[in-house]
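Asks: Take a look and give me a structure for this.
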Amino acid sequence: MTTSLRDQVIEVIKRVIDPEVGMDLWSMETIEDLEVSEEEKEISLKFRPTSPFCPLGAQLAFVLKDTLKKSFPKYKIDVKVTGHLQEDIINKALEKYGEETTEEKAEETTTQ
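Replies: Below you'll find the model as predicted:
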């Protein structure tokens, strides 16, 4: 039996554990609007930390994006934080983080 790409993405999300609670982000129901497109090679989701003041919200968002990128290197990964006091700042940093890693990989490919 083959596993759908969406199910594979969920399994990867389950590897990201909130150290304060000891549970994975998927089981904690902090992931919303998960969209997986094989055609467009894109995975997008919203991450809602457990509270608007969650001290680990930004860190967990970056770990989530990095974990997905490592598991699906050919896909564009779009993680947006919602429901956090600093969501605008975190989302700008997440967007830039994605651009830097994509640009670095493009540079590596052209210089080899």
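Asks: residue contacts, residue 35?
Replies: 42, 43, 44, 45 (CB atoms under 8 Å, 6 or more residues apart in numbering). All C-beta spots, glycine's among them, are computed from the backbone N, C-alpha and C.
Asks: Which helix or which strand is home to residue 69?
Replies: helix 57-71 (DSSP states H and E).
Asks: what's the distance between that helix and the middle of its chain?
Replies: 5 Å (CA atoms, centre = their mean, to the nearest Å).
Asks: Ok, stretch 38-50 next?
Replies: 7 Å.
Asks: And that stretch, end to end?
Replies: Distance across stretch 38-50, first residue to last, is 30 Å (CA to CA, to the nearest Å).
Asks: Likewise for stretch 67-87?
Replies: 20 Å.
Asks: Flag every buried residue along that stretch.
Replies: 67-69, 71-72, 75, 77-81, 83-84, 87 (16 or more other CB atoms under 10 Å).
Asks: re earlier: select from the contacts of residue 35 the one having the most neighbours.
Replies: residue 43 (25 neighbours; other CB atoms under 10 Å).
Asks: re earlier: helices or strands next to the helix holding residue 69 in the packing?
Replies: On a contact count with 3 or more CB pairs under 8 Å, 6 or more residues apart in numbering; DSSP states H and E, helix 57-71 meets helix 5-13, strand 42-47, strand 76-81, helix 87-111.
Asks: Low-confidence stretches in the protein?
Replies: The model of the chain has pLDDT under 70 over residues 1, 98-112.
Asks: Residue 93 versus the residue nearest to the spatial centre of it, what's the distance?
Replies: Among the residues of the chain, the one closest to the centroid is residue 65, at 2.9 Å (CA atoms, centre = their mean). Computed with CB to CB, to the nearest Å, the distance linking residue 65 and residue 93 is 10 Å.
Asks: Residue 83 too?
Replies: As judged by CB to CB, residue 83 and residue 93 stand 17 Å apart.
Asks: Residue 27 too?
Replies: Taken as CB to CB, the span from residue 27 to residue 93 is 26 Å.
Asks: Then residue 10?
Replies: Taking CB to CB, one finds residue 10 at 25 Å from residue 93.
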